[in-house]
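> test case, fold it:
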Amino acid sequence: MTKLLAFVLISAGIASASNPKPDWLSGETPQYPKAAYIIGVGSDVTREKAADRARAEISKAFSLQVSATSSSSAEESNGSGSQSVSEDVKTSTRKVLDGVEIASYWDDGQGTIYALAALNREHALQIITDKLAELDKSVPDLQDQLAKSDGKFARLRLALKLLKLSKSRRRLNEDHRVLSPDGKGIPAPAGLDQALADARKAVSAVTISIEASGEEAEKTASRIMDGLSAYGLKAAEKSGTPADVVVEAKASAQALEPENITWFWAQGSILVKMSYGASGEVFKRFEEKGEEASRDPSTSVDAALSKLADKSADHIFAVITSNDVLDD
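Just a heads-up that it's a prediction; the model follows:
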């Protein structure tokens, strides 16, 4: 009876001489004090998966996270699939997360393995601090270029660089606060507020007119403009002054024959023509096409066109901010 009881205790993972339950399962351990380390605990059926989950726990504290997948390297995941974060933030955060070490494992004897991940705050903080200093050094140069540039589109490209830099800096500073012992970030360099004000003014100075036709023309135009507005671009108001860029979008869509009663598909396309408002010269043509499904057959066409309008807005923005668009 005594032997059977001992076997049951060990199998259940209860602390024993041969299988002591580690204190770090609670998320704290004197071996890695919070003042010097960020730790994460993960569990799964294999060591590799448990380690990935432990790394993912640490990454939750930062502006970018790692997905809990069986991989030896941290994969970017921000929960929405969005790719709006700049490469500066991606690279720096990955460098920080590369410093995560798997310090220990524990097998509970019931098929679950636990892993302890630890990140040295001082080492990680230095990476973030260096990157912030690098970004801050580039502010005066970009501000000077913006001040000296006359063309609307040239100014737009410089302005967007400044705004992107500011966004990157904010995210990196959030990581700095997480890592810093005093929980503080690094103050922005002198002149950044004015530089950003100038940048926003340069972005809003570029006006765009959307002229849609075809299927759901009004909704298509509104959706495209909403997408461009998210980038800070401005819709041209009706006046005697032409917009800087005129976008003509012709939308078409049709419902497809349903294969089942769960999903109803529609396919569509949006033909886009972009021209300079002042001269009427066409500088870009493209087409976005694809399919989209809806659970409601009455909304499948609208779903397809909405998705294509979003893609068109992203494409239009990429064209406007490319070097192919010229100033007078």
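> and the strands in the stretch 101-250 of the chain?
Shown for the stretch 101-250 of the chain, the strands assigned by DSSP state E, counting those that start in this stretch span residues 101-107, 113-120, 207-214, 234-235, 245-255.
> show residues contacting the fourth one.
Same thing as strand 234-235. With contacts defined as CB atoms under 8 Å, 6 or more residues apart in numbering, strand 234-235 is touched by 203-210, 225, 228-229. For every residue, glycine as well, the C-beta is placed using N, CA and C.
> strands paired with that strand, and their directions?
The strands beside strand 234-235 in its sheet (DSSP bridges) come out as strand 207-214 (parallel).
> pLDDT (mean, whole number) over the partner strand?
Average pLDDT, strand 207-214: 95.
> next, count neighbours for the nearest residue to residue 229 once chain neighbours are set aside.
Spatial nearest neighbour of residue 229, excluding adjacent residues (CB to CB, 6 or more residues apart in numbering): residue 235 at 7.0 Å. Residues lying near residue 235 (other CB atoms under 10 Å) number 16.
> for residue 22, give me its contacts.
By CB under 8 Å, 6+ apart, the contact set of residue 22 is 29, 104, 106, 114, 116.
> remind me what the helix or strand containing residue 315 packs against, helices and strands.
Using DSSP states H and E, residue 315 sits within helix 300-320. In terms of contacts (3 or more CB pairs under 8 Å, 6 or more residues apart in numbering; DSSP states H and E), helix 300-320 is packed against helix 217-229, strand 245-255, strand 264-276, strand 282-294.
> out of these, which gets nearest to residue 177?
helix 217-229 (30.5 Å; CB to CB).
> which one of the contacts of residue 22 is nearest to residue 63?
Nearest to residue 63, judged by CB to CB, of those is residue 116 at 23.5 Å.
> can you pull the contacts of that closest one?
22, 24, 29, 32, 39-41, 54, 102-106.
> how does it look with 7 Å?
The contact partners of residue 116, taken as CB atoms under 7 Å, 6 or more residues apart in numbering, are 24, 39, 41, 54, 103-104.
> and residue 215, by the same measure?
Counting by CB under 7 Å, 6+ apart, residue 215 touches 251-253, 305.
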